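need a structure here:
(chains A and B)
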There are 2 protein chains.
Amino acid sequence: MDNIKSYVAEHKERFINELIELLKIPSVSADSAFSQDVMNTAEAVKESLEKAGCDLVEICETPGYPIVYGEKTIDKNLPTVLVYGHYDVQPADPIELWTSPPFEPVIKPTDIHPEGAIFARGACDDKGQMYMHVKALEYMVQNNTLPCNVKFMIEGEEEVGSPSLGWFIERNHEKLKNDVILISDTGMISNTQPSITTGLRGLSYVEVEVTGPNRDLHSGLYGGAVANPINILAKMIAQLHDENNHITIPGFYDKVEELSREERDEMAKAPFSLEAYKKALDIEDVHGEATYTTNERNSIRPTLDVNGIWGGYIGEGAKTVIASKAYAKISMRLVPDQDWKEITDLFTKHFEGIAPKGVKVKVTPHHGGQAYVTPIDSIGYRAAASAYNESFGIKPIPVRSGGSIPIVALFEKELKSKTVMMGFGLDSDAIHSPNEHFGVFNYLKGIETIPLFYKYFTEMSK
Amino acid sequence: MDNIKSYVAEHKERFINELIELLKIPSVSADSAFSQDVMNTAEAVKESLEKAGCDLVEICETPGYPIVYGEKTIDKNLPTVLVYGHYDVQPADPIELWTSPPFEPVIKPTDIHPEGAIFARGACDDKGQMYMHVKALEYMVQNNTLPCNVKFMIEGEEEVGSPSLGWFIERNHEKLKNDVILISDTGMISNTQPSITTGLRGLSYVEVEVTGPNRDLHSGLYGGAVANPINILAKMIAQLHDENNHITIPGFYDKVEELSREERDEMAKAPFSLEAYKKALDIEDVHGEATYTTNERNSIRPTLDVNGIWGGYIGEGAKTVIASKAYAKISMRLVPDQDWKEITDLFTKHFEGIAPKGVKVKVTPHHGGQAYVTPIDSIGYRAAASAYNESFGIKPIPVRSGGSIPIVALFEKELKSKTVMMGFGLDSDAIHSPNEHFGVFNYLKGIETIPLFYKYFTEMSK
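As a prediction, the model looks like this:
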């Protein structure tokens, strides 16, 4: 399959420029101010799939942002790969921390990417990784090497919890029928040590509101005499962890999958330097659940983090006010066997229960999803491992990721097929952060590796 | 002195309209976007003092916003009253909670003000209360009843802690020489029960910043493995109070003036309904330091309140981020004998001390001031009490306020004179809150009462 390497070498300028055009559209699904941009991005993805060689491409309406569906069928008796990706991106704030504007992509070298990385919101998550699949299809169609059927389902609401995806899948079982689902929305250990994500954490994301007095009050006249919603919210958040950083919500750990000592020892073999980790983040020490290592804390253990908090006067200078309300966005990462809806209920009940009498509490669930584990003896996993092995010259390591792609569990439930997560990003790519980027090496390597997956998957499926 | 009543009755439309014009200028000192408006307000105050009959009016430059100084000297052998007030106002946010725009004053009746109240930011605090003094002077000059000399010192930085006032006073001891300082920047119990504020709490206002990792992180990939600055900040804030809502900063209470049982019993005689208090704020219960009553908690006891908190993603929707930084604005109200600079140091040391290893903490003092008590046997207090008694037909009650006017302690130290706080606002006026207002009754009653103070103070000084 040296053809793909030469094809990529020949077209790499164009591949990069096409991605840059896509990255210029600020498709922030969380903020309705960008809704037209999100729609425009769907249109651009549709056109790219048509050009790459799909027989049929549709923009499918949903109750939210549309899903771009594409397909190329060569023989109904051959297997079908369903590619899932998303064309929406995270909000770019805090925008002042970007060294170049988030929607004006530039290529700059970094220590890890001496050959350059594309800096833009969505460069890695997930426009860049999704577009690798479009370009891989282009190669296979142009060179008549597509060995099986392919379908694309590219959504625009992943960053807000995919609220319309279940709706769409339920109504399109036949259309989406497949033998394996392929997603590039995760990372690998390094550019010299590929890995395949076999586990994803589940998620429960809620927003809480604490209301004290019915209006903002002067902190001199009322300070010390009424419950201050910010102080109370801080106290309630503090109570969610005990002194061992164990989460205190009753029942929270009841269904947590406990890994054996052997499994934990196996995981511990993945290359990891705590010193390098602390240095990269400029922290004096790590912080987490007692008796677990850093890599366990962020993969096999459930967590609870405040993702945002606000209340009172947050402008320039000082204001002596007791706010009427304080708010926080809180997410819990879940592990296999925890049910996100049950955990959301447990959180809500507990959080309401620990509120003192002087305040009212409202908990609003945002979204969630179940954890997922890919079996490493599945055809999909083995085909992916062979593809990486051939492309990188090194056998990939299976790893559990701390992130969540809630829809993976949904796919299995609704479409009855396994998902393979072939990620080409790196932890240092700053996804969800200012200065998100995606290595040019990684982007092109992804395009080279994907056709190998199709080849091995079709062969192994015979 | 029935003349003043008929003068007010005759000119009340104009008095209200003049105040409304002043309220239209958004003199928000905390936000530099309004700096030109603050300057314009100083100019308007200068003009009003000239029209009211001052011999000399100056806009005095300071390192910050200017101080408007005015004087009318009738006889150097007579006593001099120095009126202090401020022409700047609190920020208006949250602006969406105002029922009419904060800088477009309207008169509307309320349950407490059936004759109407002026709704605008600064209506009571302090443009309305300051302007009563301008109109009282106008009356006394027009009717040749000014019995002593008068000076005005109206500043534009009170709402940001009066950073330039000390600078100005130090350089103008002779100019500001006086026998009593008169301030209307406090409230009274009700329109049928006047009161005079004899105590003010001190203040220490700080901003804290908690830094975790050196950039925002994806909460899936890092959640549970690094210290989340928001969770840590919440925990640190929670630790500042114990289970009895006692402040835990070591040394915080060491110098607190402890009132005797008799003094507390005397205070408890002021009319107060806990049920009405809770109902007005729509809270199920009050909340504060164990073993103290609500009125003690907000007057004779020191407190610690978070006035603002922010960090992470606070926009629409959800973002799964671990913020690099979290912030809070925290103020402590202090009581006599606590030194605000010492308390600020104690806070800083303690707050830095309770930070876990995974974060860095920065504490920035904003401003502060000492607590103050006016002796009720002073000529100033007795003159004010006589003025209220004559004007309202009821003897006023001396009360301790929970608020702070940090410059009162400064006045005593620098100018060696006592301050009398003749406030005409009500607790329900929503100062520092949306829908601030000032009763038309209160505004006009203030104008009627102030000349009586001048009369009694001059007589008692003989």
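
Just the element for residue A:326, please.
strand A:325-334 (DSSP states H and E).

list the contacts for the residue nearest to residue A:358 when sequence neighbours are not counted?
Nearest residue to residue A:358, sequence neighbours excluded (C-beta to C-beta, 6 or more residues apart in numbering or on different chains): residue A:227, at 3.1 Å. In short, each C-beta sits where N, CA and C put it, glycine included. Contacts for residue A:227 (C-beta atoms under 8 Å, 6 or more residues apart in numbering or on different chains) come out as A:212, A:356, A:358-359, B:283, B:285-287.

pLDDT at the residue of the stretch 51-200 of chain A found nearest chain B, what is it?
Nearest to chain B, among the residues of the stretch 51-200 of chain A, is residue A:160, at 5.1 Å (C-beta to the nearest C-beta). Model confidence at residue A:160, given as pLDDT, is 90.

Run a quick neighbour tally on it.
23 (other C-beta atoms under 10 Å in any protein chain shown).

repeat for residue A:36
Applying other C-beta under 10 Å, we find 12 residues neighbouring residue A:36.

quick one: the strands in the stretch 1-150 of chain A?
Ranges of strands in the stretch 1-150 of chain A, per DSSP state E, counting those that start in this stretch, are A:56-60, A:67-72, A:80-86, A:106-108, A:117-119, A:149-155.

Take those and lay them out in CSV including mean pLDDT, mean neighbour count and distance to chain B.
CSV is the format used below for the strands of the stretch 1-150 of chain A (pLDDT from 0 to 100; neighbours: other C-beta atoms under 10 Å in any protein chain shown; distance: least, C-beta to the nearest C-beta, whole Å):
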stretch, mean pLDDT, mean neighbour count, distance to chain B
strand A:56-60, 98, 15, 22
strand A:67-72, 98, 23, 19
strand A:80-86, 98, 25, 14
strand A:106-108, 98, 14, 16
strand A:117-119, 98, 26, 14
strand A:149-155, 98, 26, 15
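
Surely residue A:128 is in contact with residue A:19?
Yes: contact status for residue A:128 versus residue A:19: in contact at 5.9 Å, counting by C-beta atoms under 8 Å.

Of those two, give the one with the bigger neighbour count.
Per other C-beta under 10 Å, whichever of residue A:128 and residue A:19 has more neighbours is residue A:128, with 31 against 26.

Provide a list of residues in contact with the more buried one.
A:19, A:23, A:118, A:122, A:425, A:438, A:443.

Looking at these, which is nearest chain B?
Nearest member of the contacts of residue A:128 to chain B, counting by C-beta to the nearest C-beta, is residue A:425, at 10.2 Å.

and the lowest-mean-pLDDT helix or strand in chain A, which residues are buried?
Lowest on mean pLDDT, DSSP states H and E among the helices and strands of chain A sits helix A:261-267, with a mean of 83. Neighbour-count burial for helix A:261-267, with 16 or more other C-beta atoms under 10 Å in any protein chain shown as criterion, is recorded at residue A:267.

and what of stretch A:94-111?
So for stretch A:94-111, counting by 16+ other C-beta under 10 Å, buried means A:94, A:98, A:102-103, A:105, A:107.

list the contacts for residue A:89?
Taking C-beta under 8 Å, 6+ apart as the test, what residue A:89 contacts is A:26-29, A:121-122, A:125-127, A:159.

What's opposite it in the beta bridge?
Beta bridges link residue A:89 to residue A:28 when assigned by DSSP bridges.

Could you report the separation of it from residue A:106?
16 Å (C-beta to C-beta, to the nearest Å).

picking that back up, helices or strands up against the next helix or strand after the strand holding residue A:326?
Toward the C-terminus, strand A:325-334 is succeeded by helix A:340-353 as the next helix or strand (DSSP H and E). Counting by 3 or more C-beta pairs under 8 Å, 6 or more residues apart in numbering or on different chains; DSSP states H and E, the packing neighbours recorded for helix A:340-353 are strand A:202-211, strand A:325-334, strand A:360-369.

Helix A:340-353: which residues count as buried?
Those would be A:340, A:343-344, A:346-348, A:350-351, for helix A:340-353 by 16+ other C-beta under 10 Å.

SS state for the closest residue to residue A:390 other than its chain neighbours?
The shortest distance from residue A:390 to any non-neighbouring residue, by C-beta to C-beta, 6+ apart, is to residue A:452 (5.4 Å). For residue A:452, the secondary structure call by DSSP: H, G, I helix; E, B strand; the rest coil comes out as helix.

hang on, the earlier thing: between the buried residues of helix A:340-353, which is closest to residue B:415?
residue A:351 (52.7 Å; C-beta to C-beta).

any idea how far the closest residue in space to the closest one that isn't next to it in sequence lies from chain B?
Leaving aside its chain neighbours, residue A:351 sits nearest to residue A:363 (5.6 Å; criterion: C-beta to C-beta, 6+ apart). For residue A:363, the distance to chain B equals 14 Å [C-beta to the nearest C-beta, to the nearest Å].

My read is that residue A:363 contacts residue A:210, right?
No: with contact defined as C-beta under 8 Å, residue A:363 and residue A:210 do not form a contacting pair (10.1 Å).

With only the CA atoms kept, save stretch A:138-154 in PDB.
Output of stretch A:138-154 as PDB, limited to C-alpha atoms (Å, rounded to 0.1, in the frame of the first residue of the first chain):
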ATOM      1  CA  GLU A 138     -10.900  10.300  -1.800                       C
ATOM      2  CA  TYR A 139      -7.700   8.200  -2.100                       C
ATOM      3  CA  MET A 140      -9.500   4.900  -2.200                       C
ATOM      4  CA  VAL A 141     -12.000   6.100  -4.700                       C
ATOM      5  CA  GLN A 142      -9.400   7.700  -6.900                       C
ATOM      6  CA  ASN A 143      -7.200   4.600  -6.900                       C
ATOM      7  CA  ASN A 144     -10.000   2.000  -6.900                       C
ATOM      8  CA  THR A 145      -8.800   0.500  -3.700                       C
ATOM      9  CA  LEU A 146     -12.000   0.900  -1.600                       C
ATOM     10  CA  PRO A 147     -12.500  -2.800  -0.500                       C
ATOM     11  CA  CYS A 148     -15.900  -2.400   1.200                       C
ATOM     12  CA  ASN A 149     -18.900  -0.100   1.600                       C
ATOM     13  CA  VAL A 150     -18.600   3.100   3.600                       C
ATOM     14  CA  LYS A 151     -21.100   5.400   5.300                       C
ATOM     15  CA  PHE A 152     -20.500   8.700   7.000                       C
ATOM     16  CA  MET A 153     -22.500  10.200   9.800                       C
ATOM     17  CA  ILE A 154     -21.100  13.600  10.700                       C
END
